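Trainee: next come a sequence and a model predicted from it.
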Amino acid sequence: MAAKLSAVVDVHHCNVSYPSDKNQPPHFTASPLRISTKRFTIFCTSSKSPPKTAPGKAESKKRKTPSLSEQLKPLSNTILSDQPNESHQLLSKPKSIWVNPTKPKPSVLSLQRQKRSSYSYNPQIRDLKHFAKKLNDCHPADDAAFQAILEEIPHPPNRDNALLVLNSLRSWQKTLLFFNWIKTLNLFPLETIFYNVTMKSLRFGRQFQHMENLANEMIENGVELDNITYSTIITCAKRCNLFDKAVQWFERMYKTGLMPDEVTYSAVLDVYAKLRKVEEVMSLYERGRASGWKPDPVAFAVLGKVFGEAGDYDGIRYVLEEMKSVGVQPNLVVYNTLLEAMGKAGKPGLARSLFEEMLDSGITPNEKTLTALIRIYGKARWAKDALELWDRMRLNGWPVDFILYNSLLSMCADLGLEEEAESLFEDMKGSESRKPDSWSYTAMLNIYGSGGNADKAMRMFEEMSDKGVELNVMGCTCLIQCLGRAKRIDDLVQVFESSVDGGGIKPDDRLCGCLLSVVSYCEGEDANKVLACLHKANQNLVAFIKSLEEEDTKFENVKQEFKGILSNTAVDARRPFCNCLIDICRNRNLRERAHELLYLGTMYGLYPGLHTRTEEEWRLNVRSLSVGAAHTALEEWMQTLTKLVQRREALPEVLSASTGAGSHKYSQGLANAFASHAEKLAAPFKLREDKAGLFVATREDVISWVHSRAASLASIA
DNA sequence: CTAGGGTTAG
């Protein structure tokens, strides 16, 4: 199926060798490749081609939670007949499996929606609305006052009157009080609709327990639960994050012989989407299709969301193809969902063309559409498209809200558009309804921080406290990064202390990573001051740095400590931690330690694709490495290549190293640093003129480099 | 919110 297709193993991708380590924490993605090697080496010292498939991959993909079909087994034995439903069929158009027309199609959903009774006009509507307003205005804690108002109901509380009032109450507490009052009056039997209306209010207040009590009361009193009841229960459970409850009530429908209709069905689809259970969503979807269901835009929005969250482009394409084959025209929400999904799948170009398609079909974008696109262009650093879209927004008068304003500011930060951001920021200050908030200030701190403008960043910081806008942890991180780069360590300490001790900011792993990077390029007293800050946020990390500096610390200890630290670190922050720690070692002349850390980082999967091989070319990819880590990796690689040459093993024609072009305006330097280190090693890599950040050497270059180096070493000896 | 399902910011 789609999710599996995108997980296909990249055969050019797995050449790092790992000694087996059985004690890895469960959340480390162990490499599927375990070429056993006794040597302490990061790169494979065998030139044999890597296997096409990775042993153990299937193992690691094995699901830990039961699939929906497993969960619904009791159901499928009673109601559904077993059907072949292989997941790999999903990308193709579902075929009709039910060839024999005398056998009925097994059905998982009713093709007809729940019918609802029509309201008749209530001549007392004015009086009753007024009455409901009095109940709504009554103080929420004053039960006696509420009861007193109830007694003054202007018309007899018969079925229609009671229903009208019940529908007009706002808070769930009052709805429940009124519902119970009607029940005690016992003037007429309470039909399903009374429960449904009450439940709707409970859902609004996220009162699942009350809701479940009512549902059980219905069962006890023999009141029928219909599709509206179930979908309300299921979506309430979902909003309260009680997903098992949602599934439980859904299963109960089948057990009692009630077929879900498409509304209930897509509510459940969304439950599985929220749980990110892609396969379950698809299984349900496919079963629905096999039952003759023609999904509507809401169902496609759910599908789009689930693939977007998985970053699964094949899945998104599948949704688009399905809509076409079913004949459903996407609406605004579907487009918004798919645009968002394209962004998450890292496809800005396809998001752009989908947006144009949406405009061509006559749909006007709303704030959410534009927020998604602006964000995508910003993250992709597509300045031209971002600015062009911004122009079109103004030109066409497309809707703008506060979130979109802040997203535009963040986009400016991503692209380093300082002037544009400043003028937008001034606009916001001048407006009544969109005064800059902590998001807006964070974006400005980000801009000045990444631009190295410490003075302006500090001015923003002061302005925030003047205006009473709270600094959040991300703003704090941007500011500290900026002050660190400007070597304004005393200001840095002051900002850290005022925001962590006084301002109630809880340092997160990103902030720690930022402090760690400042430590890596500071010396002496400055480094100690920053370490003291870091100590308040993460004691173990500081202890680990100290142990790295001690000569008699054994590799085994480094390994254990580092593993412990990484396990307690957010996944996104692990590689930056490792990069900074390597830089710290290099800047303190602890080169062996740097190699140990790079080795461990590779083992724990922090540098996937560090080394890639095809038959013609081997490449060292250091674009996600810090300068020190890149130096270390280059040294390591040259050592490995030396061994291969000495053992006369085959090398590919081309050996290359990629530092990346550094698409961020302020993130240059890795290529330069790499070039000078290659020069220092006299390594034969030449920067390719036509490809930014790509260093290339031929096989012959490398072989002669190894020989000349051996010769010079021999002459020294 | 006139009984039920889907979409916006590090």
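Mentor: Received it, and whenever you're ready, just let me know what you need.
Trainee: could you use CA atoms for every contact and neighbour count after this?
Mentor: Noted.
Trainee: so which residues of the stretch 201-350 of chain A form helices?
Mentor: A:208-221, A:227-239, A:243-255, A:262-274, A:278-290, A:297-309, A:313-326, A:332-344, A:348-360 (DSSP state H, counting those that start in this stretch).
Trainee: make CSV out of those helices and add distance to A:A421, mean pLDDT and mean neighbour count.
Mentor: Formatted as CSV, these follow (distance: least, C-alpha to C-alpha, whole Å; pLDDT from 0 to 100; neighbours: other C-alpha atoms under 10 Å):
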stretch, distance to A:A421, mean pLDDT, mean neighbour count
helix A:208-221, 44, 98, 15
helix A:227-239, 36, 97, 24
helix A:243-255, 42, 97, 17
helix A:262-274, 35, 97, 23
helix A:278-290, 39, 96, 20
helix A:297-309, 29, 96, 24
helix A:313-326, 32, 96, 18
helix A:332-344, 23, 97, 24
helix A:348-360, 22, 97, 16
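Trainee: same list (those) but as TSV, adding distance to A:A711.
Mentor: Formatted as TSV, the helices of the stretch 201-350 of chain A follow (distance: least, C-alpha to C-alpha, whole Å):
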stretch	distance to A:A711
helix A:208-221	78
helix A:227-239	71
helix A:243-255	69
helix A:262-274	63
helix A:278-290	59
helix A:297-309	56
helix A:313-326	53
helix A:332-344	53
helix A:348-360	52
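Trainee: for A:L651, which of those helices is the nearest?
Mentor: helix A:313-326 (35.4 Å; C-alpha to C-alpha).
Trainee: secondary structure of A:T175: a helix, I assume?
Mentor: Yes: under DSSP: H, G, I helix; E, B strand; the rest coil, A:T175 falls within a helix.
Trainee: how much space between the residue nearest in space to the middle of chain A and A:L387?
Mentor: With distances taken as C-alpha atoms, centre = their mean, the residue of chain A nearest its centroid is A:E309 (6.5 Å). Using C-alpha to C-alpha, to the nearest Å, A:E309 is found at 27 Å from A:L387.
Trainee: repeat for A:S498
Mentor: The value you get for A:S498 to A:L387, if C-alpha to C-alpha is used, is 37 Å.
Trainee: and if you look at A:R170?
Mentor: 44 Å.
Trainee: now the closest residue to DNA strand B within chain A. Its backbone dihedrals?
Mentor: Across chain A, the shortest distance to DNA strand B (C-alpha to the nearest atom of the strand) belongs to A:R116, at 3.1 Å. Torsion angles at A:R116 (phi, psi; degrees, to the nearest 10) stand at phi -120, psi 150.
Trainee: neighbours around A:K174, how many?
Mentor: When neighbours are defined as other C-alpha atoms under 10 Å, A:K174 has 20 of them.
Trainee: cool, A:G327 as well?
Mentor: A:G327: 12 neighbours (other C-alpha under 10 Å).
Trainee: show me what contacts it?
Mentor: A:G327 makes no contacts at all, as judged by C-alpha atoms under 8 Å, 6 or more residues apart in numbering.
Trainee: so which residues on the stretch 51-200 of chain A come close to DNA strand B?
Mentor: Contacts of the stretch 51-200 of chain A with DNA strand B, taken as C-alpha under 7 Å from any atom of the strand, map to A:113-117, A:119, A:164, A:167-171, A:192-193, A:196-197, A:200.
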